[in-house]
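> Predicted model and sequence below, questions to follow.
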Amino acid sequence: MWCDGGLALCTVCGLAEGELTTECPGMKTSEDQRRRIYSVGDLDFRDGKWVDEPNPTNQSWDYARKACPHLYENQTPLPDP
Ligand SMILES: [Zn+2]
């Protein structure tokens, strides 16, 4: 379900904006995973697996936008700066 409150949300993994990992995990994420990705900042998903490392999308929404293909499908792509 797409949230129409202006928040970009991936409908596959359930991650939104600053929570997004380097790669989309391709599965529903748990509340604990989202907390670690976003609030704690010590979890990321890349190269097909979860890693205990900070994810760069925490810092850059522009990066997150490119990182998640599902997200891309669900919103109008922004023009390149
Ligand atoms: Zn996703």
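Sure thing, it's come through. Residues are numbered from 1 along each chain as shown.

> so where's the chain shaky on pLDDT?
Within the chain, the ranges that satisfy pLDDT under 70 run 1-7, 18, 56-81.

> can you give me the strands in it?
Assigned by DSSP state E, the strands in the chain fall at 44-46, 49-51.

> Just say which of the ones you listed is most tucked in.
Highest mean neighbour count among those (mean count of other Cβ atoms under 10 Å): strand 44-46, with a mean of 20. (Each C-beta comes from the backbone N, C-alpha and C, glycine too.)

> Export the strands of the chain as a markdown table, with columns for distance to Ile37.
As requested, the strands of the chain are exported to a markdown table (distance: least, Cβ to Cβ, whole Å):
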| stretch | distance to Ile37 |
| --- | --- |
| strand 44-46 | 7 |
| strand 49-51 | 10 |
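
> In contact with the closest residue to Asp44 other than its chain neighbours, which residues?
Take Asp44 and drop its neighbours on the chain: the residue closest to it by Cβ to Cβ, 6 or more residues apart in numbering is Asn55, 3.5 Å away. Contacts for Asn55 were tallied using Cβ atoms under 8 Å, 6 or more residues apart in numbering; they are Leu20, Thr21, Thr22, Ile37, Gly41, Leu43, Asp44, Phe45, Arg46.

> For the ion, which of the strands of the chain is the nearest?
Proximity of these to the ion was assessed by Cβ to the ion; the nearest stretch is strand 44-46, lying at 9.0 Å.

> Let me see the residues that make contact with stretch 31-50.
By Cβ under 8 Å, 6+ apart, the list of residues contacting stretch 31-50 from outside reads 14-15, 18-25, 29, 51-56, 58.

> which of those count as buried?
Buried subset of those (neighbour count, 16 or more other Cβ atoms under 10 Å): 14-15, 18-25, 29, 55, 58.

> Kindly indicate which of those residues lies nearest Ala8.
Minimum separation from Ala8 among the buried ones among the contacts of stretch 31-50 (Cβ to Cβ) is found for Leu20, which lies at 8.6 Å.
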